[in-house]
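[1] quick one: sequence and predicted model below, then my questions.
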Amino acid sequence: MSRLDVICERIHDAHGPRWERGGICVACVAEMMDRSDVSAVRKRAALVSVMRVDAARELLYCEEQRRIHFITSLLKTLFSAVDSSLLDQTVQVLLQVTLDVPNQALLLFILDQIHSRWTDGEKASLSSLTFLGKLLDAHPALSQTLTSSRLCVLECVCSALLVSDEDVKAAVCYVMFRIWSFSAAVQTLPDTLRQRMCVLLLHTLSHTHTTALTVNCLGVVKQMCQYSEVVCVLMSLKDGGEDPLPYQPLPLILKKLLLSAQDSLQVVSVRCVCAVLIHAPLHFSSSFIQADLPEFLLEVMSGGCSDVLLWSVFSCLLLLSEDPLFFSQCHAVYGVEPLVRSLKEALGKSNTEVQKKGLELLTVILDRQPAVVRLFPTSSEFSAVCDVIVEGVASSCLQVSMCAVRAAAVLLRPNHQSSPVQLADVRRIVEVVMSKITEHHHTRSRESCSGSKSGVLLQTLTCFDAACRLVEACVCDSSLKDGVCSAQETLDSVCVFLLHCCDAACIPAVTGVCERISSPQVLQLFLSALSRQFSLCPDHMTSFSRKLAASGFIRLTLESKAQLCSGNRNVSLNQICCDFLLKLCMCLISQEHTWTSELQDVERVLQESLPSLCCCASDWLSVLSDFPQSLRNTQHCLIYLLHLSLLHGDRFLSDSAVFCAVLRFVSCVQDLPASVLSSVLYLLSVTQHAGPRLDTVSVSVLSKALSSCPLLFSRALPLSVLSLIFLYPELSERFGAPALTGRLSEDTQEQELLELLHTNPAALLATLAVACDAESAASRSAVAVLLCFLRSADSLSISGTSDLCDQIRSVLLSVLQRHTHTDGLSVLLDVSSVIHSSAQMEHTDFRLLYHVSNLVGKLDSSDSEVLLSVFNFLYCFLSVCPPHTTDRAVSLLLGNVRLMELLEEVLSASSSSSSSLLCSSLLLLSSLTLLQHKHSAQVHRSVSVDLHQIIRRLAFSKRHTDTLLIKCSVRFVQVCLDVDTSALLCVCDAALQRPLTSIDGALHPIGHSGATSLMTALSALMLMTQDLMVSAALNCLGSLMGFLRRRSPETAQHMVCQPWMRFLLFSLLSCDQRLRPAALQLLTQLVCFSGGVSHWRTEVESVCEEIEKQGATNLTDDGTHTLRLMLTQVCNTHTHTHTHTLRLMLTQCCALSPPDDLRMRMEAIQESLRHLPPSESSSRHMLRVGRVSVCLSDFTISTQDL
């Protein structure tokens, strides 16, 4: 007992042990609460002790009478005690009792007790109201009891607001707050009491002096404003200055609170305004606007405030901005500057909620501001808001960034632009928005790959489309265009920048999203932005449209239409898709020459058919198979779209399906427009590889369709269509030439037709026919194409087709018989030169020779083009003419005096004649000289030639001298030396001194100086890297040695033994570390002309060592085809040049009595060479060098026995 100091010893003896629990006498505690002589400290201690022991409390509650008595004692203490600590403990015990004994009757009892004391004259004290508030906290459902069965208690509570004690009023507000926090209680609250509460609260707010009471009152008001009917009551209470309870209107009260310097009051008042406006902004905002509340909110915002207050102010202004009165009173105009400043400060902090709310407010103001009143009249103001938006878009928080993107989209409207339009700021915004879309596109998280990515893309595309719309307005609207700021950015540069953004950022992002989900909103904005590029950058759309088509955008748009727009869904998207497709298709079509004359008709068909074309690509084939007239435009539209798609490599239907469907279509539909027929032909030409070859009926159908549309051939048909026409003889015979004429009439790339000429003989014939027509653009183009063809053609590849050669001869003969003189004749002669072969000559060939010879009689030396072609033809004819007919051919030509005169005129005017004509003249005269010498043909007129001038040309040739002219000159000198004297040639000897010395007389007509100069020139030419040049020089050297040996053996022996000959041989033997035929042939000549091996033994031994080292079987040259042609010999043996030259050298050397050891080595090598297989010779092959035809047999190494 000694430790229980709370036990009243004076009364404890009357209590038995049954009242003790945990060392506490419960009876003492209960009686102490009724005694006035016990101090408040002891009472509080007793209550604290009993609350700590659960068993003691249970003993107090075990009997209802005891429990009621205890509660009554506590309530008495609650109303009578003055000690605050005791009051607080009493409240806690009472609350604990109600929690320990969850009995509704007990709660009602407490309420009745409180009400009875209030009505018995005791005022509603602070402690009792505090207890009631906490009781409602512990039992929220008790609020409904107060508003229903115990309404009298609530009325007493409301009456307490009329006392002067503001602490009591604060406690009343707390009780009221708890009641208004319970919705069921509010529903049962009588209207009269609700009205009274509103008046009392406004009265209290109008006369309060403490912050605590103001905050509590505003808390109740905010809670009451959750109910729209209460808001109506509060806002309907106007100025009640004359009422018994005077009060001010709620807007005026909240406005005054905004003027306070206390942040908490400002926050609560602003939130109260928001709570009122959130129900019906348009109904209640006018009261606040007329009270100038926006002005005070803007003042608070500009004065610097906490994040909580700033967020509240942003929220309140958002609600007020829904009323047009907000803008008509220019609050937006005056408030946008402080808003931008506050946003800039907020973006520098970390509170993203404030940033989002501020950007949302900025977006709303920009969106709803009337267009007639500009928010940013100066460029500096516009730049300031751009800075904020750029900073917001660049935020690491995606939600903040998207809020800024939405604000940017609205800011880019034309009505918000300052004068002049700040293109640099517009570009800054677009750049940061595009960087955001690129950054988000590369994010591969699950969130960004689903709905989030689509949402971000939608916002950024909205902004980008707004930027494109603004720049488009600047381009189209003269007033805006004149006001564009050009200090840093030009309008054109911004247009190009937008196109680049579209290409580099928008297209990859949208296509990536569309692969997973199809969003109508995203597609609509994206295609809208793409469509605007056609008006923004018309100069760049040629390449960009091709890129779009090659990337499958025709298919993407059509598939989107079929998926999202069928059944009259997404009408606006369908309209945008059609607009984009129309612009894209017309841009692509305008680039094609085949559509030029029907652009308007094609545009009309696309314009009418695209909106209703909402079917899948798989259904197109069935549409093409239907034949009602009503579907005709739709079918034409499909044909155009298929054409454009395939033209740019986008195949969304199989080639076989397209081929069959288009063929069926053209078979069943008559009188097709030229543009549709052109597309049909293109589709058939590019898909025919997937289908069977056209049968006779199908070819007949195409022939009929082509016959009905002659306009088709007035345009340049694609190369594939030409290939289709020339693939079938029935088509090529009728339409080949007209088709090529249309193609050649326009500026086309020559290279495009070369493949066609190489692969289609009929195309070559048709081109020749066009070239030989009367002078026209088509014939001139045909000549150019044929010249290009001749430069790349191979005579074997052309002459391999005998039918083609015969037809070309027939065409040439027909032209010559008509005596027409055109550029086409020259080209036709060149083609005929290429097709000559060594086959048996026919009667047609000699008829051609006769007519060409007659043609020469009509020519003048100034007709260089035709003359060159004629000389080429005659030279080729003589070169490939069979040996038994050459006498006939040379006799015919030698009888043509005009031909001899022309040859002499060209050679005498070498300085003014073209290099090609000189070459051809020298080659023709060489052939005529040899054949005349061979057959001793009659000469009717000789040709004067200055041989010394030709030798000087060789001796003093410079780097820029035409190498072919040097080769032809060497060939002509070789022929002159081989024949000694010729009745055809009249060699001028004016360069020789008079009288002639004995040596000059012996070496006439070149003389000793001419021979020495020629030897020096040939030595220099043999050191060149061109094999053809070395071969020609080596052949000429052999002819010179033979000429010297016949005329002056001493001179020949002297020249052979000169030191430069050994140096020349050493250079050829050491070149490329391999044995060249030219080196072997030169060694053979030197050994033979020197009369023995002894002088060249070292060189012969080195050759033998090299052959023994490499092996004879490795000497075969497997070089290129041209090299094999150049090295092929013209002797009767058909062995390879290396092998034959080596064998000849060994034979000649062995015949000149070499030492026994060297003879044995050479005989062993000869034995190994006998086992090498022979190779075919192509020495009679005609090689085309520029405009000159060359017979390789004239320039290959001569391997005749020396």
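    Structure's in. What do you need? Being a predicted model, the structure only gives us computed values, none of them experimental.
[2] so the residue positioned nearest the centre of the chain versus Ser566, what's the distance?
    Here the mean C-alpha position of the chain is nearest to the C-alpha of Asp503 (CA atoms, centre = their mean), at a distance of 5.3 Å. Here Asp503 is placed at a distance of 30 Å from Ser566 (CB to CB, to the nearest Å). Where C-beta positions appear, they are placed from N, C-alpha and C, glycine not excepted.
[3] how about the residue nearest to the centre of the chain, nearest residue that isn't a chain neighbour?
    Phe544 (7.0 Å; CB to CB, 6 or more residues apart in numbering).
[4] pretty sure the one you found sits against His500.
    No: in this structure, Phe544 is not within contact of His500 by CB atoms under 8 Å, at 10.0 Å.
[5] who has more neighbours out of those two?
    Comparing Phe544 with His500 by other CB atoms under 10 Å, the one with more neighbours is Phe544, at 18 against 13.
[6] would you mark the buried spots in the helix or strand where the more buried one lies?
    Assigned by DSSP states H and E, Phe544 falls within helix 541-550. Residues of helix 541-550 classed as buried by neighbour count (16 or more other CB atoms under 10 Å): 541, 544-546, 548-549.
[7] sec struct for the residue nearest to the centre of the chain, please.
    helix (DSSP: H, G, I helix; E, B strand; the rest coil).
[8] so where do the strands sit in the protein?
    Applying DSSP state E to the chain gives strands spanning 20-21, 24-25, 943-945, 985-987, 1182-1185, 1188-1191.
[9] biggest helix in this structure by residues?
    helix 451-476 (DSSP state H).
[10] so which bits of that one are buried?
    Applying 16+ other CB under 10 Å to helix 451-476 flags 452-475 as buried.
[11] who's in contact with the closest residue to Val215 other than its chain neighbours?
    Excluding the flanking residues, the one nearest Val215 by CB to CB, 6+ apart is Val268, at 5.8 Å. Val268 is in contact with 214-215, 218-219, 222, 257, counting by CB atoms under 8 Å, 6 or more residues apart in numbering.
[12] show me the shaky parts of the stretch 201-350 of the chain.
    Scanning the stretch 201-350 of the chain with the threshold set as pLDDT under 70 gives 240-243.
[13] which stretches of it form helices?
    211-224, 228-236, 250-258, 263-277, 281-290, 293-302, 307-320, 324-328, 331-347 (DSSP state H, counting those that start in this stretch).
[14] could I get the ones you listed as JSON lines with distance to Ala983?
    Formatted as JSON lines, the helices of the stretch 201-350 of the chain follow (distance: least, CB to CB, whole Å):
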{"stretch": "helix 211-224", "distance to Ala983": "130"}
{"stretch": "helix 228-236", "distance to Ala983": "129"}
{"stretch": "helix 250-258", "distance to Ala983": "127"}
{"stretch": "helix 263-277", "distance to Ala983": "123"}
{"stretch": "helix 281-290", "distance to Ala983": "120"}
{"stretch": "helix 293-302", "distance to Ala983": "117"}
{"stretch": "helix 307-320", "distance to Ala983": "114"}
{"stretch": "helix 324-328", "distance to Ala983": "112"}
{"stretch": "helix 331-347", "distance to Ala983": "105"}
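[15] which of those helices sits closest to Leu764?
    With CB to CB as the criterion, Leu764 lies closest to helix 331-347 of the helices of the stretch 201-350 of the chain, at 73.9 Å.
[16] got the angle for that closest one vs helix 307-320?
    On the basis of axes from the mean of the first three to the mean of the last three CA atoms, to 10 degrees, helix 331-347 is oriented at 150 degrees to helix 307-320.
[17] list the residues that contact the closest residue to Cys660 other than its chain neighbours.
    Once flanking residues are discounted, Cys660 sits nearest to Gly691: 6.2 Å by CB to CB, 6+ apart. Contacts were defined as CB under 8 Å, 6+ apart; by that measure Gly691 touches 655-656, 659-660, 663.
[18] how near is Cys578 to Asn570?
    12 Å.
[19] before we move on, what about Ile253?
    Distance from Ile253 to Asn570, by CB to CB: 51 Å.
[20] could you do Ala1079 as well?
    Ala1079 is 83 Å from Asn570, by CB to CB.
[21] show me this structure divided up by domain.
    For the chain, automatic domain parsing gives the domain ranges 379-516, 1065-1202.
[22] which of those has the lowest mean pLDDT?
    Among the domains of the chain, domain 1065-1202 carries the lowest mean pLDDT, at a mean of 60.
[23] off-centre distance for the helix holding Phe544?
    9 Å (CA atoms, centre = their mean, to the nearest Å).
[24] show me what that helix is packed against.
    When contacts are defined as 3 or more CB pairs under 8 Å, 6 or more residues apart in numbering; DSSP states H and E, helix 541-550 sits against helix 520-536, helix 571-590, helix 632-647.
[25] from Ser84, how far out is Leu525?
    67 Å.
[26] how about Met197?
    29 Å.
[27] ok, the two, which is more surrounded?
    Taking other CB under 10 Å, Met197 and Ser84 do not tie; Met197 has more neighbours (23 against 11).
[28] can you give me every residue that contacts the more buried one?
    Met197 neighbours (CB under 8 Å, 6+ apart): 158, 176, 224.
[29] what is the burial count for the closest residue in space to the second one that isn't next to it in sequence?
    Going back to what we said before, that points to Met176. Of all residues not flanking Met176 in the chain, Val220 sits nearest, at 4.9 Å (CB to CB, 6+ apart). When neighbours are defined as other CB under 10 Å, Val220 has 26 of them.
[30] need the contact list for Val220.
    Going by CB under 8 Å, 6+ apart, Val220 touches 173, 176-177, 180, 201.
[31] take those and keep only those in helices.
    173, 176-177, 180, 201.
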